[in-house]
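Colleague: Below is the sequence, then the predicted model.
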Amino acid sequence: MKYLFFVFVIITLVSNALAQDDKLVVKGERHLKNVKQLSFGGENAEAYFSFDGKQLIFQSKRDGHPCDRIYRMNIDGSNVQQVSNGEGRTTCSYFFKDGKKVLYASTHGGSRECPPPPDFGKYGYVWAVYPDYEIYTATPDGKNIKNLTNSPGYDAEATISPNGKKIVFTSERDGDLELYSMDTNGKNVRRLTKEPGYDGGAFYSPDNKMIVYRGSHPTDLKLIQKDKDLLKQHLVVPLTFEVWVMNADGSNKRPVTKLAAASFAPFFTPDGKRIIFCTNYFATDARKRNFDLALINIDGTGLERVTYNDSFDGFPMFSPNGKKLVFASNRNAKTLGDTNIFIADWVE
């Protein structure tokens, strides 16, 4: 009888685990296997691997905090630790290659309080690009915080090249939201984009030779002026983005997607031949609220849908060895609006 009891317990545990996994897998997601949920509740996003593939750093609005803070954890979801100092609003964190430092953007240099959210009732759906955002470095435990940037206007969205030598980031320092590169010590800043509109969310290719990013480049003069007027109020309209690529020095810019949708959060596949990104191109509802992950070749061919969840899937990143994919999703949310971090084995 004791043996049968233990067998029953084991079967029950396995059944519960499989039931949990079933909630995380959606029909058609052939590239994802062994999907695991790493966070549970709140707004968690932009989880990025350390260069050794053992940790993730991410932003989260949780535990009653009024705005995002930066955290890190092991890739199994254990040992969650706050990295940022709990002041201001934070975003866009990343590990340095040697693992001895991290970077993130924060508004705490302007105020210890969280900046107010944008007024959707007045402007519709907009993103706030707070002018107090600067990029900071710190040790992984959050200590020894230092400015990496210190310029007027928004500085954020920084990521580090695979060879650990360069940082690409978005800045408003020249009056528009453009991409810049710099050395990891903050020196040798170089402007990479010059087109009117918002360029951001950039990542280097695995061989460090290219950069992929999201771009919104209106050509209508009225729309250009509208963007300029909103930017003066530290706002942008994120309704239409295309995925772009360019050489790491800013040359040979070209669009990858022409979907006329909100396509963003692009990241190169491990072989550097394709790009995985988030888009509402496949959404069937009138307000285009459903975002999925998709793959596309760097020449713009071969568009393939990756996720089929009926809410939000975004911010994908491959592990350094290419075997895992981390992403943020609304799937399996206990509360409406919860966004959590998930990790999966990647299947070609």
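Modeller: Received the coordinates, thanks.

Colleague: what bridges to Y204?
Modeller: Here Y204 sits in beta bridges with I211, going by DSSP bridges.

Colleague: what sits against it?
Modeller: T159, I160, S161, P162, K166, V168, M210, I211, A248, F268 (Cβ atoms under 8 Å, 6 or more residues apart in numbering). In short, each C-beta sits where N, CA and C put it, glycine included.

Colleague: among the residues you listed, who's most crowded?
Modeller: With neighbours taken as other Cβ atoms under 10 Å, the top of the contacts of Y204 is I211, carrying 28 neighbours.

Colleague: I'd say it and R190 touch.
Modeller: No: look at I211 against R190 with Cβ atoms under 8 Å: they stay out of range, at 11.9 Å.

Colleague: that older thread, could you dump the contacts of Y204 into CSV with distance to K100 added?
Modeller: Output for the contacts of Y204, formatted as CSV (distance: Cβ to Cβ, whole Å):
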residue, distance to K100
T159, 17
I160, 13
S161, 17
P162, 17
K166, 17
V168, 20
M210, 27
I211, 25
A248, 24
F268, 25
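
Colleague: From those, which land in strands?
Modeller: T159, I160, K166, V168, M210, I211, F268 (DSSP state E).

Colleague: Am I right that K226 is in a strand?
Modeller: No: using DSSP: H, G, I helix; E, B strand; the rest coil, the assignment for K226 is helix, not a strand.

Colleague: Relative to L235, how far out is it?
Modeller: K226 is 11 Å from L235, where distance means Cβ to Cβ, to the nearest Å.

Colleague: do G215 as well
Modeller: Using Cβ to Cβ, which is the criterion applied here, G215 is 18 Å from L235.

Colleague: before we move on, what about Y71?
Modeller: Y71 is 27 Å from L235, where distance means Cβ to Cβ.

Colleague: These two - which one has more neighbours?
Modeller: Y71 (23 against 20).

Colleague: Please tell me how far the more buried one sits from G142.
Modeller: The gap separating Y71 from G142 is 10 Å, by Cβ to Cβ.

Colleague: hmm, back to that, okay, the ones in strands among the contacts of Y204 in TSV with distance to I296 and pLDDT next?
Modeller: Shown next, in TSV, are the ones in strands among the contacts of Y204 (distance: Cβ to Cβ, whole Å; pLDDT from 0 to 100):
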residue	distance to I296	pLDDT
T159	20	98
I160	24	98
K166	25	98
V168	20	98
M210	14	98
I211	16	98
F268	11	98
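
Colleague: Count the neighbours of the nearest residue to N280 once chain neighbours are set aside for me.
Modeller: Spatial nearest neighbour of N280, chain neighbours left out: K288 (4.3 Å); criterion: Cβ to Cβ, 6 or more residues apart in numbering. Other residues near K288 come to 15 when the count uses other Cβ under 10 Å.

Colleague: try T91
Modeller: Residues near T91, counting by other Cβ under 10 Å, number 20.

Colleague: quick one: it and E46 touch, right?
Modeller: Yes: at 7.2 Å, T91 counts as touching E46 under the criterion of Cβ under 8 Å.

Colleague: Common neighbours of Y71 and G142, please.
Modeller: Common neighbours of Y71 and G142 (criterion: Cβ under 8 Å, 6+ apart): Q81, Q82, V83.

Colleague: Give me the buried entries from these.
Modeller: Buried subset of these (neighbour count, 16 or more other Cβ atoms under 10 Å): Q82, V83.

Colleague: With respect to T301, which of the shared contacts of Y71 and G142 is nearest?
Modeller: Distance to T301 across the shared contacts of Y71 and G142 (Cβ to Cβ) is lowest for V83, with 39.7 Å.

Colleague: so the closest one sits right up against T137, yeah?
Modeller: No: using Cβ under 8 Å, V83 and T137 do not qualify as a contacting pair, with a distance of 11.0 Å.

Colleague: So in the chain, where's the weakest helix or strand by average pLDDT?
Modeller: helix 2-24 (a mean of 42; mean pLDDT, DSSP states H and E).

Colleague: Would you mind writing the CA trace of the strand or helix carrying C278 as CSV?
Modeller: Using DSSP states H and E, C278 sits in strand 274-279. Coordinates of the C-alpha atoms in strand 274-279 are reproduced here as CSV (Å, rounded to 0.1, in the frame of the first residue of the first chain):
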residue,chain,number,x,y,z
ARG,A,274,17.3,35.7,-39.9
ILE,A,275,15.7,38.0,-37.4
ILE,A,276,13.1,37.2,-34.8
PHE,A,277,10.8,40.1,-33.8
CYS,A,278,7.5,41.0,-32.2
THR,A,279,4.6,42.3,-34.4
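
Colleague: So which elements touch the helix or strand following it?
Modeller: Note on strand 274-279: by DSSP H and E, the next helix or strand toward the C-terminus is strand 292-297. Packing partners of strand 292-297 (3 or more Cβ pairs under 8 Å, 6 or more residues apart in numbering; DSSP states H and E): strand 274-279, strand 304-305, strand 313-318.

Colleague: Now do the strands in the stretch 1-150 of the chain.
Modeller: For the stretch 1-150 of the chain, applying DSSP state E, counting those that start in this stretch gives strands covering 32-37, 43-49, 55-61, 69-74, 81-82, 90-95, 102-106, 127-128, 134-138, 146-147.

Colleague: Thank you kindly, that will do.
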